[in-house]
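**Q** Pasting the sequence and the predicted model now:
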Amino acid sequence: MLIKIIIVALLLFVIYTLFRAMLAMLKTDSKVPMSHYLGKRVALCAIVLIIILLAQQAGLLRFNPSPITTHTQIRIDTTTPHQQSANTKPQPEMRSAFHC
């Protein structure tokens, strides 16, 4: 539960730095450049991603299973196979020349 609180707090701080960058962009006499806040946002997003991956590997976070990997389709053959031919005409019987 603590890991989720940390992740949410970091994501809220990412949003805060995004709005600070917007205010720095709108002000003409800003002391801190907009790129400073945007750089912080990118670094925080990378930290959040790393925390999520490490927490998942450590077993602290469990994700929902994907329906693609958990679904297995079972094939049941209910018909009997039969030999098919492209020729639908009945084949004439072949007689041997030596047959009486």
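**A** Perfect, I can see it now.
**Q** List the contacts of the helix or strand harbouring Ile51.
**A** Using DSSP states H and E, Ile51 falls within helix 34-58. Contact with helix 34-58 is made by 3, 6-7, 10-11, 13-14, 17-18, 20-21, 24-25, 61-63, as judged by C-beta atoms under 8 Å, 6 or more residues apart in numbering. In this view, the C-beta of every residue, glycine as well, is placed from N, C-alpha and C.
**Q** residue contacts, the nearest residue to Lys4 once chain neighbours are set aside?
**A** With C-beta to C-beta, 6 or more residues apart in numbering as the criterion, Lys4 has its nearest non-adjacent residue at 7.7 Å, and that residue is Leu61. Neighbouring residues of Leu61 by C-beta under 8 Å, 6+ apart: Ile3, Lys4, Ile52, Ala55.
**Q** buried subset of those residues?
**A** Buried members of these, counted by 16 or more other C-beta atoms under 10 Å: Ile52, Ala55.
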